[in-house]
Each structure stands twice: as C-alpha cells, then as structure tokens.
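Visitor: With the sequence up front, the predicted model follows.
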Amino acid sequence: MLVSRPSFAAIVALAGAALAQDPASTGPSPTDDLEFFERQVRPLFAEHCVRCHGQDKQESGLRLDHREGWMRGGDRGPALVPGDVEHSRLVHAVRYRDPEFQMPPDGRLPDAAILVLEEWVRRGAPDPRDAPSATLAHGAVDIEAARRHWAFAPVSDAIEAPPVAGGSWPLDDLDRFVLARLERAGLTPAPDADQRSWLRRVTLDLTGLPPAPDDIERFVQDVEPAAFERVVDRLLASPQYAERQARAWLDLSRYADSNGLDENLALANAWRYRDAVVRAFDRDQPYDEFVRWQVAGDLVPSLGDPALDRDRLALTGFLALGPKMLAEQDKEKLVMDVVDEQIDVLTKAVLGLTVSCARCHDHKFDPISQRDYYALAGILKSTSCFENLDHVSRWRELDLSTPAERAARETWQAESRHVDAALAKASAEATHRVDDALRDRRGAHLLAGLAAAKRAVWFEAESFARGNLIVDTTNWGTPALPIVRTGSGGAQHAEWDFETPHAGRQALHVRFAAKESRPVRLLVDGRVIAERALEETTGDWFGKDQRWHVVAELDLAQGAHVLRLERGESIPHLDRFALVPAGGEPWPCDPVGDESLVPGLVRAAADHFASARGAGDAVLAPLFADPESGEFVARLAANDAFQTREAPLETDWPPAMREGVAALRAERAQLDARKPPEVPTAPGVSDGAPVDVAIHVRGNHRTLRSETTPRGALAILDRSLPQPAIASGSGRLELAQWLVDPRNPLTARVIVNRVWQGHFGRGLAAQPSNFGLRGEAPTHPELLDALARDFVDGGWSLKRLHRRIVLSRTYRQSSLASGAGAALAGERDPENLLLARYPRRRLEAEAIRDAMLFASGRLDLTLGGTQLGTKNRDYVTNDQSGNGARYDAPRRTLYLPVIRNALSDVLSLFDYGDPSMSNDARPRTAVATQALWLMNSPFVGEISLAFARRLLVEEPHDLRARIDRAHRIALARPATDGEIDRALRWLARTGDEQALVLFCQALLCCNEFLDLA
C-alpha cells in the first residue's frame, strides 16, 4: 500500500531546479517603507522626541528631526543601526530596561509605539527627511502645480491607437500601444506561446486552477479562430473565476477572520463579506455599483431582490473589517484610529492615494492637506461601526435577514414566549404541589438519604487517573475545594477509576459549573453512555455556581470500572461524581458523613464569608475560632441535606397536571420544529450622528483646532469633479457617488491598472496604490487612459476588461525569448517594462495549494461558507477555545481561515500579505523555507500520495503512460521522451514502492509547476 515517505535526496535529485532562486522575486516595496515612516514613525518623533532633539534643542548632541541627525548620533554615538534592532541605542532607550538610559524621560512609550520603532529599524530605518526641520514645516500645498500630474488630469474622451509598422501583429488596439513602444525602442515582440502554455496561463490567471487534461486536448484539437474566445468565455462564466478575482479585492480590503491586535476575537461572520465579494465578481456587478456598496451599501435603496439586498449590506464590511484595539480605554482615540484605518484602506483601494499620511500634517509628497483628511474623517466618524464602546468595545454586525424573515422570526418568538410562560407556570404549580408533600415528610427523607449515602460511591474530579485536564486550586478553584478544567488547547479527556461494592442499577450524578454549554462524551468501561452529557449551564464558572445533575443510569457489575469524559474542545468545570442506587429515593447533596471532607468544607465556607466578618463577628466567631468543627457543616446539611431525582418528581405530579404540561411540551416541540433559521449577520456599518471634525494638531485627538472641517472629499479634484453635496446623514452615499463619478480621473485608472497588474505581474503604473506625485509614471500612459475610458464607457464591466486583455496578442506572447531579439531586449529593457515577452512569475500561495489539490484529485469545489470553527467574538487562540480554524479541509485556499497574527504555514511562507492592512501587490520571493516546506510538509506528502494513487487508477498498467499522465496533470503538457526515460531509470533504480509518491512530489516542487509562464 502506498504511504507518504518523503526522501530529501530523491526529491532534490528529481527537482533540484525548484530550489533555485527566482530572479523575479522581490522584497517589500520601498514606497511601503516610506509610507510606514510617514504614518507611524514621523508622528512619534514629532510628539515625543524633537522637543529635546530638534532644531532648537539638542540634548546630548542628538538630533532626531532628520536622517543625518540620528545617523551621526550624539554623545553616545549613532542613535541606531539600520536593520539591527538589538544594537540600536534608540530602541534600547525606549524599552526602559536600563534605569540609567531611558527615553523619553517623562514616561515610557506605549508598547505599540515601541513596536513601531522596532519595526522601523528592522526595515532599515527608511527616512526621507533630508533637511533639518524644514521637512516638518507645513507649507501650503501647491494645488495648481499638482493638477498637471498625470493621475489628476481628466481621462481623455477619445484616444487613438498609434500607428505601427508591424500591422499584422496586433489583435486589439491595446496591442498597438504596446507594439508602438517596442518599435520606438527598437525591439520586437516575442513569438506566440504554444497552445498548451497559453491555456495553462489563462486558466490559472483567470481561475487560479490549472486546466484539466481533457480541456487541454480539446483546445489543441480546436483549429477554429474562435477557439481562444470560447476558452475565455467558458472561464469567465465559471464560479472559479469569481473566486480567483475576489482574492485580489480581499487583499485590498484586508480581509480576515479575526480582529487581531489586543483582542484577537473571531470575526466568525466575516465570511459573508467574502462570499458577497465572490458573488459580485460572478455576476459581473458593475464596478461603480460594487464600490458604492462597499462604501454605502446600507444607504443604497433596496433592489427588491432579497439575495442582492443581503449582499448590499454585507459588502459594507469593507469599512468594518479592519483591526481594532478593542480594549483601548481612550475611546475617542479608538474611534479616530478606526477612522484613520478606514481612510487608509478606502483611498488606497479606490483612488490609489495614501491620504492617511495627512492625519498629522499636510501630506509631505502629495497635494493632500490635513483639511482634506479631516473632511473625509468627518464622513467616517459620522458612520457607526461599533455596537458599544464598553471596556472591550463591540464591533457592529448588521442583520442580513429580509423584512419577511424578520416578521416570521418575531411571530415565532412571540408564540414561543407565550408557550414557555405557560409551561413554566404549569411546571411550577406541579412542583410546588410535590414540594409541599415532601416537606411534610422531611424527617423520613433525611433518614432515607443517610441510608442511600452509605450505599453511594463518591469520588472527586481531581482524582482522575489519566488525562490532560488541569487541577485548578488558584483561579476557579481553591486549595480546599479544587476543580478540574480544560488543559491546553485541543481535544480534552480524562479517566477515573472507581469500584462499586454491589452490583445493580446506579444513577450517575455529576457536580459541575458551566457558564456556556460544553457537552462532553461520556463512556463507562469503553462503552458510550451519552454523546452530550453535562450540556446544561449553571450560571457561571465559579464554585458557587456548581450544581448536581443526573447524567445517566447504569447497570454495573460489582468491582472495578473506568469512567471517561472527552470533548474536542473546552469542558465544564468539574467538582465531583456520585453513583447512587437508582430508584427515586432521596440522596445527600454531599457526603457529609465522610469526616475527611468536613475541614475542607468549613475552610471553604470561611473563605466565602470572610468579607462579612466586620458585620457579623459575633455570629461567625465560633466558625473562625475552630475551623475543624463540624457544627457548621451539620447545620448546612440540616438546611439542604437532600435532593430528589429530577425524573421521578414528575411521576408524583397529579395526572391532570402531567397531561397539561405534556400538551404544552408538545406544542413547544412543534414550535421548535418550525423555528426560523438563525439570524444571518455580518460585520458592517450604519449611519451615526452627523458630525464635522476639527483638525487634530499632530493627529492628536486631545489637541483640536477651534473650527471644524465640513465633511467632503479631496480638493485636488475640484476642477473636474465638484465636492459631494452632503445635505444630511454621514455623507457616505454622496462620497461613494463622488468616488465612481465618471469624471473622477483616479477610480477607473486605478482599477484598470490593478487588472493589468493581475495579468502581467506589474501594473502599467508600478505602484498600484500610489498614483501620487512620488509614484512612478505609467510605462504606457495612453494605453492606461484608453483602457480606463473604454472601461467606463463599457459599463464598468470587469469581465469585459479581463476578456479584452487575455485575448490580446500582448498576452499571448511566449515567456521564453531567444536569439538576437532577446539579447537586445535584455540590454534595452532588462525589467521587461515594455513587454517584449510575457513576464514569467511565481504563483501566489492560494494558486500553489489549489493546484496541488487539483493534481491530487482531492480538490473540493464547494462554494462559500466558513472553516473557522470558533464562535463569533470568542478568542481564536487561547487556553479555553484552542484554535478551531480548519486548515486541512481540501477546499480552495480562499476559504481557509485568515487569522491575524497566526496565518497558516502555506500563506505565511508564500508571501501572503499582512491581513491587518491593505495589500496591493504581494512580494514574490523564493527562499529556503519554501523549499523545505515543499519537501517536508505533511500536506505536500499527503497530496503526493493522493496524486500517486490517482495515477495508479487512471494508468494502472503502463508505466510510461503513467509518467506521461503525471506531466499532463501537473504541467499541462506531455512528458518528453527524455523525461520519461529519466523517470523510468530513477524508478527502477530506487525499486521502492514509495518511488511513485516521490516522483509526484518532485513534479509538485518544480519551478514549472510553481510558476506562471
């Protein structure tokens, strides 16, 4: 039988090329580093450092108001070593670990600020401040000069494609723009890619999955000119296209399934935002409407379609999904930090601008003033994204149910309340009738209880013989009365050994506390007794909340037995167990006849009443004076010495009362059977009280300018696009209309550039979220504008834009170039900016994992849903809940949980961006840890095993055909004769039944599989 057993030497021998460094790999963007300095570091220096280390004053000879200052340093030498956190004096000082060297002197910086400085140093301390102090002055922004910048100029209404010499090469006008640039540089385009390469490229590009071997052969045999169009139309119509394209937007919108930061709570309903994005791409929702729903979907009128209305609300999660310091006690700071994060994500994603850099001062590089920033801040501060601002604030979730669903739910709730009230009343009346009768026979019950106690078996929860639970004597329990609770995260279990002195039927009672339902599986002697034992709640987790519950009745032989409790996650707090002869007679609540328990009970009572000693010394004196006395326990026993079993109580009810309660329970059961579905909710926003915001001096919410700034948008576009007319409400809907107004020169350019980037690895403008003055100009500005104009005129259709690009001759080029033309291109255009060939690049994490699952035949193409496994607002990782995220499901990687601060291995290793911030372009790296994961990961081993088993089924007899089939599945092409011969020699030499598994793993590790070419 095949089992996965990777061999390092074997895999390296077969696929050594997979470990080679990808020449196209890139690291973090310098622009991102400078933005990090402007947004995070410069405000810290301005607020905490330059007063003593600036132009007017230089304590210890150190200046921190420009780069040369900290490089030169002061009396102690340079203030920091770029890239080396531990040897940087600045970091050492702010950590406050040396009592003789602490800065700032008036108090330690918050931990978050120290982490910012450490990260800045780790990034190499990027600092654009060339001149002392002058860069800190807020001069007037030159709006007129900036309006001539290419990104702020209006998009031309009609742009003619340039004439070209190679008139037969272009298939689309966009090809003419590309070819014209190549011809001006004296370059020629590469030949077309072969059909198999193009099909693999376009299928992975549009859907994130490889083509199936049958699809490849069908396309190769289709000689009609429309074959390419048919392939593209089929791919665009598939739901996998929507999943693939949604991933890029989810990067921009910093999608995650947990909050991160101080309270890493589960955003357990965030998946509804993700799935709404997927559906929007699937139905080709016009991009202008898509943006309106992202920003103000709750304010857009109903469309009359329940499904669309649900998506319209869910898409406001774009503003709601950012990380929040929920435990921040300065709530105004919390609100303004959230507003800042929303401005950052919104303006980057839609406008391609870094507007949040103007929070503390006018933007240093772009024509964006503080006034612009706080005009937008007013709109977003007038938007509610919190349900409350309690000690730990609570983010807002929107009810996604339709009016009809809400009405049905309210009707059901009213009927349920009526039946529950009647049932409670009837049960109480019957119980009181029985209690009155029992009270008359208390003496007899006490005597019976003592007799039952002698036949009962008692054992404490902390006496378990085997298991991974924790005996708690300091938190929920005490030394006198310990409890047993959940151990480290994951599955929980424990076993108790006990003996029964007599054979017979026994009732198992368990005393425990539980604030939430945590049902456990109960086994006795290896036999499952109950799948959901102890599912009741008692009020809270403390000792005072412990209650006895009858769990089951057991037929037990005389002698030794084993009781086992197990659960896949957290368990209730356990105190003790009792086995009492069945039969309905009363039994003692606690074995007060066991003298060894008396001192502990007395001490527990003493602890409980300690706070009352001042008021009741006379009453409690005997107890505190003699804690070994059993008198107090005796009195407790006299007051509450016995309980009756729950079930027989109803048998003692008068027949008429039993029938009435039974009828009400039947009615309740019928109600439960038609209970409406749970209310679907998702993180979102709604309008709050309208408010204009004053400019915050240095971004500090405690130092405000005297006048407020009217809510609005960016002044730089006022000539071509009037300010949004905000008459009432927050102004979000008006802002959304302003963003997608056809006259807005940024919105269409930005999204078209992002789509181009998705197909070629680089946008026509290299920095997709920085169209400002410091951003690189487009390599093909006329092409960018022509595509933007056509995009708007074509109804903002993204599918139409994708179709046009992937059917172009530019996209059809081979990624391989040779001969004199390739050498000339390498000399004149080494970065391939002019696109003389198709740019080969590494697949991203999701496509790599999905392609592996596809090759194995295990890929589950189910759409939507969540794999999180943690309740909404519960901690995603802690000692109680564990990490319930599912990473092993064979679903598309899009559906794996994204946990802030705890990404899955495949995402973190293969350059997934930080989900706490907007990500517009993932770095492409090829590093040793990736190769080690490919060779040693259990996931890759299991996939290789499944791939091998698939090959044995599809090609059970012919080894050459099996090797060829493996290449067709993994690499979308037949194996060459040389590849087959090498594989045959290696398989024969190895002579191991695992050789096929290793061969499959080698294919999955090679560059040809991992790259898009």
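Guide: Thanks, I have the structure now. Numbering: from 1, shown residues only.
Visitor: residue ranges for the helices of the stretch 401-550 of the chain, please.
Guide: 403-440, 442-455 (DSSP state H, counting those that start in this stretch).
Visitor: Flag the shaky bits of the stretch 151-300 of the chain, pLDDT-wise.
Guide: For the stretch 151-300 of the chain, no stretch has pLDDT under 70.
Visitor: re earlier: between the helices of the stretch 401-550 of the chain, which has the poorest mean confidence score?
Guide: Least confident of the helices of the stretch 401-550 of the chain, judged by mean pLDDT, is helix 442-455 with a mean of 53.
Visitor: Look up how far residue 782 lies from residue 744.
Guide: Distance of residue 744 to residue 782, given as CB to CB, to the nearest Å: 19 Å. For glycine as for every other residue, the C-beta is placed from the backbone atoms N, C-alpha and C.
Visitor: higher neighbour count, these two?
Guide: residue 744 (24 against 18; other CB atoms under 10 Å).
Visitor: residues in contact with the residue nearest to the more buried one when sequence neighbours are not counted?
Guide: Excluding the flanking residues, the one nearest residue 744 by CB to CB, 6 or more residues apart in numbering is residue 721, at 5.4 Å. For residue 721, the contact set (CB atoms under 8 Å, 6 or more residues apart in numbering) comprises 738, 741, 743, 744, 745.
Visitor: Please tell me I have it right and the first one contacts residue 725.
Guide: Pointing back at residue 738 there. No - applying CB atoms under 8 Å as the test, residue 738 and residue 725 come out as separate, 9.2 Å apart.
Visitor: More neighbours: the two, which one.
Guide: residue 738 (23 against 10).
Visitor: related to what we said a few turns ago, just the ones in helices from the contacts of residue 721, please.
Guide: residue 738 (DSSP state H).
Visitor: okay, the contacts of residue 721 in CSV with pLDDT next?
Guide: Below are the contacts of residue 721 laid out as CSV (pLDDT from 0 to 100):
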residue, pLDDT
738, 98
741, 98
743, 97
744, 98
745, 97
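Visitor: and residue 782, what element?
Guide: helix 781-793 (DSSP states H and E).
Visitor: right, and the helix or strand after that helix?
Guide: That would be, after helix 781-793 and using DSSP H and E, helix 798-806.
Visitor: What does the pLDDT read for residue 306?
Guide: In this model, residue 306 carries a pLDDT of 94.
Visitor: That one is in contact with residue 400, isn't it?
Guide: No - using CB under 8 Å, residue 306 is not in contact with residue 400, being 9.5 Å away.
Visitor: for residue 710, phi and psi?
Guide: Torsion angles at residue 710 (phi, psi; degrees, to the nearest 10) stand at phi -60, psi 140.
Visitor: ok, it to residue 382 distance?
Guide: 12 Å.
Visitor: With residue 767 instead?
Guide: From residue 767 to residue 382 the distance is 31 Å (CB to CB).
Visitor: ok, now residue 331?
Guide: On the measure of CB to CB, residue 331 and residue 382 end up 16 Å apart.
Visitor: Give me the more crowded residue out of these two.
Guide: For residue 331 versus residue 382, neighbours defined as other CB under 10 Å are more numerous around residue 382 (21 against 14).
Visitor: Now do the same contact list for the more buried one.
Guide: Neighbour list for residue 382: 687, 688, 689, 690, 691, 711, 729, 730, 731, 732 [criterion: CB under 8 Å, 6+ apart].
Visitor: Name the nearest residue to it, ignoring sequence neighbours.
Guide: For residue 382, the spatially nearest residue (CB to CB, 6+ apart) is residue 730, at 3.6 Å.
Visitor: what number of residues lie near residue 341?
Guide: 21.
Visitor: what helix or strand is it on?
Guide: helix 331-346.
Visitor: Let me know the secondary structure of residue 940.
Guide: helix (DSSP: H, G, I helix; E, B strand; the rest coil).
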